[in-house]
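**Q** No sequence on hand, only this structure:
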């Protein structure tokens with residue numbers, strides 16, 4: 001965890017580099033490898049996420065071990081920023097508003113094997129309420145669950161196209177954007193993401209939340225090119241919200257491998273959710289696009305025939321305005 005005074009010094013370095021004058025507000029959250037702070041008097045509201053490469057280093061570690069640990073975290077944070085940049089432009093992925101890597105030591109032209117790799121990464125982002133907070137005042141209706149699943153699937157479709165596994169889809173990492181167009185769900189915190197062809201640091205694997213993580217992700221047996229571990233996590237979020245709060249993981253631990261469909265939702269939506277969080281990767285949706293198609297099919301079906309004309313009018317209006325995504 002990074003203390004306020006220390007974070008303020010890092011933000012000052014950010015301001016000096018960018019020619020800005022952001023002021024540090026209170027701490028919002030900390031955990032894993034990052035601490036998030038408010039940025040005061042920003043409109044719209046913004047936050048800064050701060051990550052320090054020495055987070056996993058012991059103060060008494062031998063210099064060689066300390067250097068190795070910092071280098072691994074430096075590479076890991078760099079991968080997180082690269083992944084977020086690669087996915088920018090998707091309205092369901094947390095945008096980056098600014099970034100800076102502040103090196104704690106001036107090491108000039110030292111070769112890589114001699115550098116300390118002690119650095120701080122700062123990422124500036126919009127301040128959005130996470131799903132857990134949003135649900136306190138907004139009960140999870142069937143229509144909300146369909147939209148939540150659809151919006152995050154649209155994110156996962158792009159992640160798959162970019163060969164990125166998020167690996168930590170859960171309510172605290174799903175955010176809600178409210179604007180003139182209504183509500184949209186946004187996936188954030190790519191802190192433990194990875195390319196599906198690269199191994200994962202075991203220390204970061206432990207940061208993932210067991211209840212929402214696919215079995216093959218927990219034991220690091222995901223096959224190269226497989227992306228439906230994230231679909232499991234999304235399915236688990238939906239299953240929890242659609243029922244009595246029970247997670248599939250809890251049932252699997254009791255050897256219940258045929259998940260019951262929650263009574264509170266329609267059978268069509270229930271079957272989609274149950275398929276998404278099946279214990280075996282082979283029984284799940286293979287691709288997020290397949291789950292998205294099923295969710296969109298029942299969403300259209302639930303509008304009813306009396307809404308067909310209204311939907312057609314809205315579609316024609318969006319086309320005339322050039323908003324083809326809408």
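**A** The structure has been received and is ready for your questions. Not measured: the values here are computed from a predicted model.
**Q** okay, which residue is most central for this structure?
**A** Closest to where the C-alpha atoms of the chain average out (CA atoms, centre = their mean) is residue 188, at 3.4 Å.
**Q** Surely that residue and residue 176 touch.
**A** No - using CB atoms under 8 Å, residue 188 is not in contact with residue 176; the gap is 10.8 Å. No exception for glycine: its C-beta is placed from N, CA and C like everyone else's.
**Q** so what's in contact with those two at the same time?
**A** Shared between the contact lists of residue 188 and residue 176 (criterion: CB atoms under 8 Å, 6 or more residues apart in numbering) are residues residue 128.
**Q** Return, as residue ranges, the portions of the stretch 151-300 of the chain with sub-threshold pLDDT.
**A** Along the stretch 151-300 of the chain, the parts satisfying pLDDT under 70 run over 195-208.
**Q** Which parts of it are helices?
**A** Counting by DSSP state H, counting those that start in this stretch, one finds helices in the stretch 151-300 of the chain at the ranges 202-205, 215-218, 228-242, 248-253, 267-276, 288-303.
**Q** can you list those in TSV and add mean neighbour count?
**A** Putting the helices of the stretch 151-300 of the chain into TSV (neighbours: other CB atoms under 10 Å) gives the following:
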stretch	mean neighbour count
helix 202-205	15
helix 215-218	18
helix 228-242	25
helix 248-253	17
helix 267-276	20
helix 288-303	17
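**Q** Turn those helices into TSV, including distance to residue 111.
**A** Formatted as TSV, the helices of the stretch 151-300 of the chain follow (distance: least, CB to CB, whole Å):
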stretch	distance to residue 111
helix 202-205	26
helix 215-218	36
helix 228-242	38
helix 248-253	46
helix 267-276	48
helix 288-303	43
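**Q** Of all those, which one comes closest to residue 120?
**A** Across the helices of the stretch 151-300 of the chain, the minimum distance to residue 120, taken as CB to CB, is reached by helix 202-205, at 17.9 Å.
**Q** Now residue 149: closest residue in space, sequence neighbours ignored.
**A** Nearest residue to residue 149, sequence neighbours excluded (CB to CB, 6 or more residues apart in numbering): residue 295, at 5.0 Å.
**Q** The one you found against residue 151, yeah?
**A** No - between residue 295 and residue 151 there is no contact, the gap being 9.7 Å when judged by CB under 8 Å.
**Q** Now do the contacts for residue 95.
**A** With contacts defined as CB under 8 Å, 6+ apart, residue 95 is in contact with 88, 125, 126.
**Q** can you give me the strands for this protein?
**A** With DSSP state E, the ranges of strands along the chain come out as 24-31, 34-39, 46-52, 98-103, 119-126, 129-130, 164-165, 174-179, 182-187, 194-195.
**Q** Distance of the residue nearest to residue 149 relative to residue 35?
**A** Counting by CB to CB, to the nearest Å, the gap between residue 295 and residue 35 amounts to 35 Å.
**Q** do residue 150 as well
**A** Distance from residue 150 to residue 35, by CB to CB: 32 Å.
**Q** Could you do residue 17 as well?
**A** 20 Å.
**Q** So these two - more neighbours on which side?
**A** Using other CB atoms under 10 Å, the more surrounded residue of residue 17 and residue 35 is residue 35, with 22 against 13.
**Q** partners of that one in the sheet?
**A** For residue 35, the beta-bridge partners under DSSP bridges are residue 30, residue 50.
**Q** That one: what's it in contact with?
**A** Residue 35 neighbours (CB under 8 Å, 6+ apart): 1, 2, 7, 27, 29, 49, 50, 51.
**Q** list the contacts for the closest residue to residue 291 other than its chain neighbours?
**A** Leaving aside its chain neighbours, residue 291 sits nearest to residue 285 (4.4 Å; criterion: CB to CB, 6+ apart). By CB under 8 Å, 6+ apart, the contact set of residue 285 is 228, 231, 275, 276, 291, 294.
**Q** Would you format those as CSV with distance to residue 220 included?
**A** Formatted as CSV, the contacts of residue 285 follow (distance: CB to CB, whole Å):
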residue, distance to residue 220
228, 16
231, 18
275, 24
276, 21
291, 24
294, 29
